[in-house]
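S.K.: Below are the sequence and a predicted model for it; my questions follow.
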Amino acid sequence: MAKVAFIRETGEVLGLGIAVEGGSYREGFYRAMREAEVDACGRKHGQGILSVRRSVVTGYGRRTMLFPKSCVRPEIVCHSQGASFLFPGTRTLLDIGGQDMKVARLDDTGRILGFQMNDRCAAGCGRFLTYLSDELGLEIGEMGAQALQAVRPARIDSTCTVFAGLELRTRLAQGERREDLLLGLHRAVALKAMSLVWRSGGIIGPLTVTGGVSRNVAVMRELRSLIAEKFGDIGVNCDSTSIFAGAVGAAILARQEFLRLDASKGTTSRGVREEARL
Amino acid sequence: MTECVTVGLDLGSRYLKGVIVRFLVEGQGLGEPGWHNRAHVMGCECQPLSRGCGESQVRSFFEELLREQGLSPRDVSYIAATGFGDGVAFRTGYFHTITALGLAASFLCPEASGLVDVGALHGRAARINSFGRVELCRVTSRCAAGLGQFLENVKQHLALAEEPVDLPKEGRKPRGISTLCSVLAESDAINLMNEGASKDEIYAAAIDFVAETAGRELVMLDLRDKVFLTGGLSQHDFFVRSLEQRASASGITIIRHSLSAVAAALGAAIWAGFRWSRTSI
């Protein structure tokens, strides 16, 4: 998914947009830009009207989009900044994205003290859930809600996403309830996240969950219960804006640079599009 | 002289395979050196597994397989399952896949000193003796990277309906495709397309990676001379060509057969004859 955030010079979030890439980062980016513009100015305004002083790009599409190198920032930095901005006081960041999972320990300004990342494997990431939703013929948005209807959560033994799909098929054929298996799959994601949290040295303070998987109610419920079990009553921050943490963090970095450099030259949101097309 | 008909059923990750074998058994039954060469393949079948494949699909597949040869379940002396088939209720016995593959490799290629099996989700390599017994084997861990499903995922994401007619022979590695995860390989394919690599180039790189994974297994087992190729990818010409190139560098000749894709079912059916002769004669 492509996410875009606009932030005012004064630091408030002006508009947020999200769109499915659908095979091309560029198309997803354009759609997310439009969404963010609509969020900022309303639908009656045309495209490209916002005055953009500086932009920062991050995530998997950052190199494909052909933005100038000076605009590119690492994902973990953007997510840390975004998490600290959206949830002040965040000291641990857990980012569960489509293709990777990261845990970072932060200071009170959102600077990274240390971080761990998963291996190059889809298990435990958003792609794990989308792959299995395809297997079941379910919309990804329905997965979490269905999982919460489980009566007796199943234990999923497979680590590999493809093998988990096979296990799911086999166990469904053996008559196990779909909801029970679904909750097992969601718990597997939460357990994977917990293992990365342990690997990174545990939770040092309020935890903020970012990335697309933060939208999944079943993963979040399982995660909250595992965290409460292991770390006690520590705050777990997550809301509908968590998915935008990377984009918001990128916008914050852009704003910081703008304020530091006091750049006189700016562009419009149409200009940002054209920059990406170069 | 007694006639014995056995059936081997292999429940793979993607396909259901079945083979019917007939033996003419005399005297002490089967078991003398080279006994497996007395098997006669009557028929074979391969069918994609439906989602949530259950006992009913396996049974109707089995009955259809017999019907094609003019047989009924009463004519079958032993039903041997292999692969994920240990749960099939109507089976007589079960054989491990690698055990079945070893015997099938020896039956289809008596000079084979080893086998390499590349299926959808599992990869195996084994050193076998002249009787088809497995002496040493390696099996991939619970990860689908570098196997048939990986190739299928890449192909699906590239929206390639058919196998390309020809693949680029030079420069077959367009900046690499993920070698660690089948699922993330799809995303890599998208990234590579966004970077301008052609679909054929990306698909060729994926094939090369699968061949490289299989080739590594051959080297790890220190296999020599003739190695028999089994599994679904044995019918994939580009993959076989790529594997042959890698194997020839280690002095290995890759042999395949039209029955390679159903080798596990065949091996199970042949073993079934042996087990039947030990219990029934």
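M.R.: Everything's here; your move.

S.K.: quick one: the helices in the chain?
M.R.: Let's take chain A. In chain A, helices defined by DSSP state H lie at A:25-41, A:75-86, A:126-136, A:140-147, A:161-173, A:178-199, A:217-231, A:245-261, A:269-277, listed in chain order.

S.K.: Chain B, not that one
M.R.: With DSSP H as the criterion, chain B has helices spanning B:55-68, B:97-108, B:148-157, B:182-194, B:199-220, B:237-249, B:263-280.

S.K.: got CSV for the ones you listed, with mean neighbour count and distance to residue B:21 too?
M.R.: (C-beta placed from N, C-alpha, C; glycine too.) Shown next, in CSV, are these (neighbours: other CB atoms under 10 Å in any protein chain shown; distance: least, CB to CB, whole Å):
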stretch, mean neighbour count, distance to residue B:21
helix B:55-68, 16, 12
helix B:97-108, 27, 9
helix B:148-157, 22, 25
helix B:182-194, 22, 34
helix B:199-220, 21, 27
helix B:237-249, 18, 26
helix B:263-280, 26, 4
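
S.K.: Let me know which of the ones you listed is the nearest to residue A:144.
M.R.: Residue A:144 lies closest to helix B:182-194 among those, at 19.6 Å (CB to CB).

S.K.: one step back: relative to chain B, which of the helices of chain A is closest?
M.R.: Taking CB to the nearest CB, helix A:161-173 is the member of those nearest to chain B, at 3.7 Å.

S.K.: So what's the gap between that closest one and the chain middle?
M.R.: Per CA atoms, centre = their mean, to the nearest Å, the displacement of helix A:161-173 from the mean C-alpha position of its chain is 26 Å.

S.K.: Most tightly packed of the helices of chain A?
M.R.: Neighbour counts (mean count of other CB atoms under 10 Å in any protein chain shown) averaged over each of those peak at helix A:75-86, with a mean of 25.

S.K.: pretty sure residue B:250 is touching residue B:218, no?
M.R.: Yes: using CB atoms under 8 Å, residue B:250 makes contact with residue B:218 at a distance of 6.5 Å.

S.K.: so how far is residue A:167 from the most centrally placed residue in chain A?
M.R.: Nearest residue to the geometric centre of chain A (CA atoms, centre = their mean): residue A:211, 1.4 Å. To residue A:167, residue A:211 is 25 Å away according to CB to CB, to the nearest Å.

S.K.: Residue A:215 too?
M.R.: 25 Å.

S.K.: Show me the shaky parts of the stretch 1-150 of chain B.
M.R.: B:27-29, B:51-53 (pLDDT under 70).

S.K.: and the residue of it nearest chain A?
M.R.: residue B:144 (3.7 Å).

S.K.: so where's chain A shaky on pLDDT?
M.R.: A:22-23, A:45-47, A:262-278.

S.K.: In contact with the residue lying closest to residue B:206 once chain neighbours are set aside, which residues?
M.R.: Of all residues not flanking residue B:206 in the chain, residue B:154 sits nearest, at 4.3 Å (CB to CB, 6 or more residues apart in numbering or on different chains). With contact set as CB atoms under 8 Å, 6 or more residues apart in numbering or on different chains, residue B:154 has these partners: B:177, B:185-186, B:189, B:202-203, B:206.

S.K.: now, the most widely separated pair of those?
M.R.: Counting by CB to CB, the most remote pair of those is B:186 and B:203, 12.2 Å apart.

S.K.: Alongside chain B, which residues does the stretch 101-250 of chain A contribute?
M.R.: A:119-122, A:127-128, A:131, A:135, A:158-163, A:166, A:169-170, A:172-174 (CB under 8 Å from any CB of the partner chain).

S.K.: can we see that at 6 Å?
M.R.: By the rule CB under 6 Å from any CB of the partner chain, the part of the stretch 101-250 of chain A lying against chain B is A:120-122, A:127, A:131, A:159-163, A:166, A:169, A:172-173.

S.K.: Return the member of the residues you listed nearest to residue B:5.
M.R.: Using CB to CB, those come closest to residue B:5 at residue A:173, 28.6 Å.

S.K.: thinking the closest one is in contact with residue B:56, fair?
M.R.: No: shown here, residue A:173 and residue B:56 do not form a contact pair, counting by CB atoms under 6 Å, at 9.8 Å.

S.K.: can you pull the contacts of residue 150?
M.R.: By default, I'm working from chain A. A:179-180, A:183 (CB atoms under 6 Å, 6 or more residues apart in numbering or on different chains).

S.K.: The chain in question should be chain B.
M.R.: Contacts of residue B:150 (CB under 6 Å, 6+ apart): B:144, B:182, B:185.

S.K.: Turn these into a markdown table, columns for distance to residue B:117.
M.R.: Formatted as a markdown table, the contacts of residue B:150 follow (distance: CB to CB, whole Å):
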| residue | distance to residue B:117 |
| --- | --- |
| B:144 | 14 |
| B:182 | 17 |
| B:185 | 21 |
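
S.K.: re the thing from before, could you save the residues of the stretch 101-250 of chain A next to chain B as a markdown table and add columns showing distance to residue A:57?
M.R.: Shown next, in a markdown table, are those (distance: CB to CB, whole Å):
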| residue | distance to residue A:57 |
| --- | --- |
| A:120 | 22 |
| A:121 | 26 |
| A:122 | 24 |
| A:127 | 22 |
| A:131 | 27 |
| A:159 | 33 |
| A:160 | 32 |
| A:161 | 28 |
| A:162 | 32 |
| A:163 | 35 |
| A:166 | 38 |
| A:169 | 39 |
| A:172 | 42 |
| A:173 | 45 |
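
S.K.: List just the nearest of those to residue B:240.
M.R.: residue A:162 (22.8 Å).

S.K.: now that closest one, nearest residue through space, not along the chain?
M.R.: residue B:144 (3.7 Å).

S.K.: show me what contacts that neighbour?
M.R.: A:160, A:162, B:121, B:150, B:182.

S.K.: next one: residue B:54
M.R.: residue A:173.

S.K.: With residue B:9 instead?
M.R.: So, once contact is read as CB under 6 Å, 6+ apart, residue B:9 ends up touching B:18, B:81, B:85.

S.K.: what's the answer for residue A:120, then?
M.R.: Per CB under 6 Å, 6+ apart, neighbours of residue A:120: B:180-181.

S.K.: cool, the one 5 residues further on as well?
M.R.: Contact analysis of residue A:125 by CB under 6 Å, 6+ apart lists A:99, A:101.

S.K.: ok, now the one 4 residues further on?
M.R.: Contact criterion CB under 6 Å, 6+ apart gives residue A:143 as the residues in contact with residue A:129.

S.K.: how about a cut-off of 8 Å?
M.R.: A:140, A:143, A:185-186, A:189, A:213, A:216, A:219.

S.K.: Now render these as a markdown table, adding distance to residue A:255.
M.R.: Below are the contacts of residue A:129 laid out as a markdown table (distance: CB to CB, whole Å):
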| residue | distance to residue A:255 |
| --- | --- |
| A:140 | 32 |
| A:143 | 36 |
| A:185 | 39 |
| A:186 | 36 |
| A:189 | 33 |
| A:213 | 27 |
| A:216 | 30 |
| A:219 | 31 |
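
S.K.: tell me which of those residues is nearest to residue B:198?
M.R.: Nearest member of those to residue B:198, counting by CB to CB, is residue A:140, at 30.1 Å.

S.K.: Skipping adjacent residues, who's closest to that closest one in space?
M.R.: Per CB to CB, 6+ apart, closest to residue A:140 is residue A:133, 4.7 Å.

S.K.: one step back: tell me which two of the contacts of residue B:144 sit farthest apart.
M.R.: For the contacts of residue B:144, and using CB to CB, no pair is farther apart than A:160 and B:150, which are 10.8 Å apart.
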